[in-house]
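Trainee: the amino acid sequence is not available; the structure is as follows:
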Ligand SMILES: [Zn+2]
């Protein structure tokens, strides 16, 4: 009995050292997708859904144009898109293929090109696995400090996955992930035929909208001081893609 107890302590200490050395994949893309499905259904049940047919078809049109440009398996995924009648400046995409747009963001993203920039950015967080990476980083840090207690207490693993999945959908992205989503998102939106120059205007509008209280979108998508400069650097390449998309007949006309 004593030997067993001692070996458990050693195992937990060894685990704590291991966990602090690297990021452990606690939560998979699949587990996050299951949690996404639950949260998306919950939002649909609890929030006001837009019934404005024009607004809905506008958002679906922009989202569909972006989705067509994604790499597989994302392009063929059955994306579920919802428009929430809510004044919060917010939009999101979740693992498993969920996109939510709050009508409040349509006052900041003033045209289809700017909404294309928002959705390209959001979907890029999904295709680049940002939620999974963020969750597993956070859990590694958390568990690294409490591993001994968790192991000795036992039975925490399943709870951790569940909690991790919930946490992963609410954690703000990191600055590096934001830059990556900007760059990858711009590729998607330009290839879809949305003018990449409007992405610069979009972030200027976001900055203006965040005077006073920052919009919800920015609280989960931390901006950097160099975001607009970095986007401008991407423009030459993006404009080539945009012109090619137009030459290929990709001329989205989603409305205003
Ligand atoms: Zn973001």
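Mentor: Happy to help now that I have it. Remember, it's a predicted structure, so these values are computed and weren't measured experimentally.
Trainee: element containing residue 54, please.
Mentor: Counting by DSSP states H and E, the element that carries residue 54 is helix 53-67.
Trainee: show me what the helix or strand following that helix is packed up against.
Mentor: Remark: after helix 53-67, the chain's next helix or strand is strand 80-84, criterion DSSP H and E. Packed against strand 80-84 by the contact rule (3 or more Cβ pairs under 8 Å, 6 or more residues apart in numbering; DSSP states H and E) you find helix 29-46, helix 53-67, strand 98-102. Any C-beta I mention is one placed from the backbone N, CA and C, and that applies to glycine too.
Trainee: closest one to the ion among those?
Mentor: Judged by Cβ to the ion, the one of the helices and strands packed on strand 80-84 that comes nearest to the ion is strand 98-102, at 13.4 Å.
Trainee: helices or strands up against that closest one?
Mentor: Against strand 98-102 (3+ Cβ pairs under 8 Å, 6+ apart) you get helix 29-46, helix 53-67, strand 80-84, strand 91-94, helix 112-127.
Trainee: among these, which comes closest to residue 224?
Mentor: Nearest of these to residue 224, taken as Cβ to Cβ: helix 112-127 at 13.4 Å.
Trainee: got the angle between the closest one and strand 98-102?
Mentor: Orientation check (axes from the mean of the first three to the mean of the last three Cα atoms, to 10 degrees): helix 112-127 against strand 98-102 gives 140 degrees.
Trainee: for the record, mean pLDDT for helix 112-127?
Mentor: In this model, helix 112-127 has an average pLDDT of 97.
Trainee: ok, and for it, which residues are buried?
Mentor: By 16 or more other Cβ atoms under 10 Å, the buried positions in helix 112-127 come out as 112-127.
Trainee: give me the residue from the protein nearest the ion.
Mentor: Closest point on the chain to the ion, by Cβ to the ion, is residue 221, at 3.4 Å.
Trainee: contacting residues around whichever strand or helix holds residue 190?
Mentor: If you go by DSSP H and E, residue 190 is part of helix 175-191. Outside of helix 175-191, the residues within contact range by Cβ atoms under 8 Å, 6 or more residues apart in numbering are 66, 69-70, 113, 116-117, 119-125, 127-128, 130, 133-134, 173, 196, 199, 221-224, 227, 230-231, 234, 238-239, 241-242, 245, 250.
Trainee: check stretch 46-62 too.
Mentor: With Cβ under 8 Å, 6+ apart, stretch 46-62 has contacts from 81-86, 101, 103, 106, 112, 115-116, 119, 194, 252-256.
Trainee: switch the cut-off to 7 Å
Mentor: The contact list for stretch 46-62 (Cβ atoms under 7 Å, 6 or more residues apart in numbering) reads 81-86, 101, 103, 112, 115-116, 119, 252, 254-255.
Trainee: just flag the most distant two among those residues.
Mentor: Largest separation among the contacts of stretch 46-62 by Cβ to Cβ: 86 and 252, giving 24.7 Å.
Trainee: rewinding a little: for the contacts of stretch 46-62, which single residue is the most surrounded?
Mentor: residue 116 (32 neighbours; other Cβ atoms under 10 Å).
Trainee: that one: what's it in contact with?
Mentor: 62, 65, 66, 189, 192, 194.
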